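[1] take this sequence and fold it.
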Amino acid sequence: MASSPLRKIHFAALSLASVLGFGLGACVQDPGTGTCAPGTLNCECNVGQCYPGLQCVANFCIGIPGGDGDGDGETGDGTDDPECPTGELSCDGACIDPDVDPDNCGECGNACEGVCNGGVCEIVDCTVEACPDGSYCDLGTNECMPGCGSDADCPDGSCDLGSHTCGLGAGDACDVYTQDCIDGFKCNASYDPPICTQLPPAPKQVGQPCELAEDDCVGGAYCMYSGDPNVGTCNPVCGGSEANPTCDLGEFCAMTAPPLCFAQCDPLADDCAFSEGCYGLTANMEFGCIPTSVNLGLGESCAYLNDCESGLGCNTNGVCAEFCAVDNPPVDCTCVELFNGIGLCT
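    So this is what the prediction gives:
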């Protein structure tokens with residue numbers, strides 16, 4: 001007796017599902033109609049498509065590896081994650097406290113309009129009762145809103161009252177190495193000591209021209225003087241710490257004020273980019289590429305290391321001179337060593 005086409009399809013689905021390691025159970029019926037809705041678990045695919053968390057195999061929707069098999073696209077039920085601290089949940093890859101998180105109150109994805117208090121969304125009138133932990137009193141609405149209201153509300157002892165966010169905000173002293181200001185701010189090394197300042201809407205990127213008076217570079221960059229009294233160039237600030245500064249591969253940290261990263265170079269090869277020169281930038285004369293300033297020529301009087309054009313340096317006599325190899329100087333050059341066999345002619 002020939003099998004019906006439907007039975008052949010069911011058989012194919014069961015066979016392939018068993019090969020893939022999935023069991024095909026009863027279809028998930030629509031509670032309103034009592035029918036098997038296309039695209040849902042163990043039901044026929046809807047024009048070849050299934051709901052998130054399922055895949056269409058042999059015209060039927062089955063669970064996929066990593067899914068929880070219910071077709072809702074979630075990979076878990078928001079239970080305690082072994083990698084999260086006790087009492088916290090893993091939601092969208094982040095550990096959260098469901099008792100106070102307004103975006104995941106009590107469970108993942110449960111967002112509150114007001115505050116989350118003990119895992120329950122509440123609208124609290126802060127003229128009547130105090131706001132729960134993790135919230136502050138909005139004096140405009142008299143409602144408790146998510147965020148901090150004072151330094152005491154924050155684990156690090158610093159609340160930015162403009163954004164009601166824990167962390168270092170406008171005017172707070174900060175660390176240029178770690179750039180520890182809150183989002184939307186940078187640790188601005190133009191100040192002494194450095195402080196958090198708000199980033200402009202479109203901050204300048206490393207290598208771009210910048211306003212010296214404002215230091216409008218991105219976080220982790222500093223507007224460095226390059227010859228123009230108004231316009232500088234965004235240069236990367238060293239990362240890590242003062243004791244262990246870090247820079248990208250091929251760069252070194254010159255412990256200037258502020259500490260800046262520069263591309264390593266060879267002054268004898270003159271291998272820096274256009275408009276830059278190779279100059280000794282540290283006490284032990286590590287050579288790095290920085291923008292030239294006034295491009296003074298050979299023999300002209302100079303005051304700063306980058307006054308001279310690329311390929312020249314300002315020697316001890318205050319004159320732009322050629323770089324030289326101590327063991328093989330040019331003719332008519334007395335090569336005065338700067339560092340590691342490299343010097344300047346006098």
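
[2] neighbours of Cys265, how many?
    Other residues within reach of Cys265, judged by other CB atoms under 10 Å, total 22. All C-beta atoms are positioned from the backbone trio N, CA, C, and that covers glycine.

[3] state the distance from it to Leu249.
    14 Å (CB to CB, to the nearest Å).

[4] Ala325 now?
    Taking CB to CB, one finds Ala325 at 27 Å from Leu249.

[5] Val206 too?
    15 Å.

[6] more crowded one of these two?
    The residue with more neighbours, out of Val206 and Leu249, is Val206; 17 against 5, by other CB under 10 Å.

[7] pull the contacting residues for the more buried one.
    Cys217, Val218, Ala221, Cys234, Asn235, Pro236 (CB atoms under 8 Å, 6 or more residues apart in numbering).

[8] now do Asn295
    Gly227, Cys308, Glu309.

[9] dihedrals phi and psi, the first one?
    As for Gly227, its main-chain torsions (degrees, to the nearest 10) stand at phi 110, psi -30.

[10] okay, and for the stretch 201-346 of the chain, where does confidence drop off?
    282-285 (pLDDT under 70).

[11] okay, strands next: where are they in it?
    Taking DSSP state E, counting those that start in this stretch, the strands of the stretch 201-346 of the chain run over residues 209-211, 221-225, 231-236, 239-240, 245-246, 251-254, 260-263, 276-280, 287-291, 312-314, 320-325, 335-339, 342-345.

[12] send the alpha carbons of the third one over as CSV?
    Once non-C-alpha atoms are left out, strand 231-236 reads as follows in CSV (Å, rounded to 0.1, in the frame of the first residue of the first chain):
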residue,chain,number,x,y,z
VAL,A,231,45.7,73.8,14.7
GLY,A,232,47.4,70.6,15.9
THR,A,233,47.4,66.9,15.1
CYS,A,234,45.6,64.2,17.1
ASN,A,235,48.2,61.9,18.5
PRO,A,236,47.5,58.7,20.6
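
[13] what comes up buried for it?
    Gly232, Thr233, Cys234, Asn235, Pro236 (16 or more other CB atoms under 10 Å).

[14] tally of neighbours for Met237?
    Not quite, residue 237 is Val, not Met. Val237 has 25 nearby residues by other CB under 10 Å.

[15] list the contacts for it?
    Per CB under 8 Å, 6+ apart, neighbours of Val237: Val176, Tyr177, Gln179, Ala189, Gly220, Ala221, Tyr222, Pro258, Pro259, Leu260, Cys261.

[16] could you single out the nearest of these to Ala170?
    In terms of CB to CB, no member of the contacts of Val237 lies closer to Ala170 than Gln179, at 14.9 Å.

[17] for that closest one, give its distance to Gln208.
    Gln179 is 18 Å from Gln208, by CB to CB.

[18] re earlier: of the contacts of Val237, closest to Thr127?
    Gln179 (38.9 Å).

[19] give the helix, strand or coil label for that closest one.
    coil (DSSP: H, G, I helix; E, B strand; the rest coil).

[20] got a list of what it touches?
    Applying CB under 8 Å, 6+ apart, the residues contacting Gln179 are Lys186, Cys187, Gly219, Gly220, Val237.
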